[in-house]
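# what follows is a predicted protein model with its sequence.
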Amino acid sequence: MPMSHPLLRQQCLINGVWQDAMDGATIAVSNPSTGDVLGSIPRAGRAETKAAIDAAHRAFLDWRTWTAADRANLMMKLHDAILADKAELGRLLTLEMGKPLAEAVGEVTLGAAYIRWFAEEARRVYGDVIPSPWKNRRLLAVREPVGVVGAITPWNFPNSMIARKLGAALAAGCTMVVKPATQTPYSALAIGVLAEQVGFPPGVLNIVTGSAAEIAAEMCENPLLRKITFTGSTSVGKALAAKAMAHMKRVSMELGGNAPFIVFDDADLDAAVAGAMLAKFRNTGQTCVCANRILVQSGIHDAFVERMATAVSAMKVGDGLQDGVVQGPLIDMAGVRKIEEHIADAVAKGARVVTGGARHALGGSFFQPTLITGATSDMAVARDETFAPLAPIFQFETEADALRMANDTEYGLASYVYTRDLGRAFRIMEGLDYGLVGINEGLITTEVAPFGGHKESGVGVEGSRHGIDDYTTLKYACIGGLG
Ligand SMILES: NC(=O)c1ccc[n+]([C@@H]2O[C@H](COP(=O)([O-])OP(=O)(O)OC[C@H]3O[C@@H](n4cnc5c(N)ncnc54)[C@H](O)[C@@H]3O)[C@@H](O)[C@H]2O)c1
Ligand SMILES: O=C[C@H](O)CS(=O)(=O)O
């Protein structure tokens with residue numbers, strides 16, 4: 001019996017019609033806190049995805065003719081509807097993903113903010129009137145919507161990762177086919193419910209759940225689909241980008257991270273500990289911008305470890321719907337095995353567990369928030385994205401050591417530095433090879449600022465005044481015969 005929730009839909013949304021997979025196949029969706037089955041979703045594949053792309057193309061031919069102001073007005077109705085239902089959307093998100101309810105409602109609020117931001121940006125998609133080199137011609141460069149967009153999104157932020165793509169796409173005049181993560185489909189489907197309620201025309205937003213490989217293959221190969229935007233792991237993103245480029249699709253890739261969190265001797269200790277707790281343990285350590293390595297200068301090291309150990313051991317672990325819980329379960333047992341591997345590898349190479357280090361007494365995929373010291377660059381935790389509540393402390397001596405250690409990774413998404421020396425703050429910010437830098441701040445994401453990675457953390461930028469560009473194309477018009 002599926003759970004009771006006012007925004008629960010257990011079908012795909014294609015051309016404004018809620019529908020099952022053509023062969024009736026389904027996939028169960030479970031609550032990671034309890035293991036209970038919440039419901040199911042269609043196991044759709046290529047045929048359903050083709051139908052969704054066809055619908056999105058037909059809708060695009062009309063949606064692109066709407067004025068930017070009319071698109072923006074409808075987007076603001078979606079923004080208002082999301083905020084009006086943020087409590088229920090947050091509860092649904094916690095049920096399917098496990099994050100603490102306050103974080104879930106915060107994510108829904110951020111998702112609405114992306115929709116509002118791009119509703120405002122819709123009317124600022126400017127082109128150029130170019131000074132002509134010819135007396136009898138006039139030159140224009142016009143920004144137009146790229147067309148039908150395929151979006152594939154992760155489980156860790158099942159609302160805001162869709163909203164920051166959907167907002168930019170709708171504002172630019174594009175239509176979309178979304179494939180949400182199989183573990184967390186209901187937040188996406190709930191956005192579909194609200195879009196339908198506020199009056200988005202059928203086919204503007206389509207949501208297809210099921211076989212990731214089959215759905216992605218249709219997105220890559222279907223000539224009516226012009227762009228693929230992906231948020232997820234670097235390994236999947238690289239493979240998907242290669243397939244998409246084989247068919248000359250535009251691609252945006254928001255991929256994995258391995259954020260350094262640098263603390264200098266002159267840092268405000270309390271602020272640095274508070275920032276490290278946010279950057280490391282938000283979403284139970286399952287964010288792309290999580291501090292994966294905490295680099296602490298030797299002079300402040302012991303004091304930092306003592307304060308951090310107190311904060312880490314004080315966190316309440318449990319079902320995200322329970323009051324006071326700040327750490328939920330990992331999404332699945334694969335996540336548990338990965339943190340166990342990282343801890344075992346680190347200890348075998350000389351690290352010390354200060355607090356945590358084992359599965360939580362609650363069982364299932366709950367894990368003790370863990371702090372280790374004596375971490376070194378030869379450890380797995382230094383090279384791979386842990387994506388779990390594990391805080392490894394590395395020690396460094398000089399500014400040059402800190403930058404070298406921080407940049408010693410193929411990733412380049414988020415980074416953080418705590419210092420009260422302004423010159424040092426700029427030297428480190430300018431030396432970090434990352435798309436995002438938090439200076440004396442551990443949580444920096446906002447819809448108004450650009451979000452995108454360097455190196456193997458991705459291609460493209462989401463949010464900010466730049467985020468809409470990837471959903472447009474430039475057309476050059478040369479008007480001659482003017483006598
Ligand atoms: N840079 C960012 O903005 C950002 C944001 C959130 C998460 N992430 C990254 O995402 C990862 C965690 O999310 P995840 O576990 O859902 O990632 P994932 O790559 O396993 O899955 C992401 C999406 O891709 C789909 N997918 C899986 N295999 C596929 C395939 N072969 N072809 C096409 N699609 C496929 C999944 O169903 C899901 O919808 C982490 O690495 C995290 O850093 C990055
Ligand atoms: O996991 C990656 C998300 O982009 C995290 S954030 O909420 O956008 O910072």
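Received it, and whenever you're ready, just let me know what you need. Ligands and ions are numbered 1, 2, ... in the order given.

# which residues touch the residue nearest to Lys227 when sequence neighbours are not counted?
Of all residues not flanking Lys227 in the chain, Arg250 sits nearest, at 3.9 Å (Cβ to Cβ, 6 or more residues apart in numbering). Glycine gets a C-beta too; all of them are placed from N, C-alpha and C. Arg250 is in contact with Val146, Arg226, Lys227, Ile228, Asp470, counting by Cβ atoms under 8 Å, 6 or more residues apart in numbering.

# please report the distance of Arg250 from Phe230.
Plainly put, Arg250 is 12 Å away from Phe230 if you go by Cβ to Cβ, to the nearest Å.

# where in the protein is pLDDT low?
Across the chain, the ranges flagged by pLDDT under 70 are 1.

# try 90 this time
1-6, 483 (pLDDT under 90).

# let's check: the centremost residue of the chain is which one?
By Cα atoms, centre = their mean, the chain has its centre lying nearest to Met161, at 4.4 Å.

# would you agree that one falls within a helix?
Yes - inclusion of Met161 in a helix is indicated when DSSP: H, G, I helix; E, B strand; the rest coil is applied.

# how far away is the residue in the stretch 351-483 of the chain that ligand 2 sits nearest to from Leu13?
For the stretch 351-483 of the chain, the residue closest to ligand 2 is Thr445, as judged by Cβ to the nearest ligand atom, at 3.3 Å. For Thr445, the distance to Leu13 equals 28 Å [Cβ to Cβ].

# show me which residues of this protein sit near ligand 1.
152-157, 161, 179, 181-182, 212-213, 216, 231-233, 236, 240, 254-257, 288, 385, 387, 413, 453, 458 (Cβ under 6 Å from any ligand atom).

# buried subset of the residues you listed?
The neighbour-count test (16 or more other Cβ atoms under 10 Å) marks 152-157, 161, 179, 181-182, 212, 216, 231-232, 236, 240, 254-257, 288, 385, 387, 413, 453, 458 as buried among the residues of the chain next to ligand 1.

# so which of the residues you listed belong to helices?
Judged by DSSP state H, those include Met161, Ala212, Ala216, Val236, Leu240 as members of helices.

# quick one: contacts for the second one?
What it means is Ala212. So Ala212 contacts Ile152, Lys179, Thr182 (Cβ under 8 Å, 6+ apart).

# in strands, which of the residues you listed appear?
Ile152, Lys179 (DSSP state E).

# now the contacts of Ala212 in TSV, with distance to Val381?
Converted to TSV, the contacts of Ala212 look like this (distance: Cβ to Cβ, whole Å):
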residue	distance to Val381
Ile152	28
Lys179	31
Thr182	28
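
# okay, now Thr310: neighbour count?
12 (other Cβ atoms under 10 Å).

# likewise Gly106?
Using other Cβ under 10 Å, Gly106 has 16 neighbouring residues.
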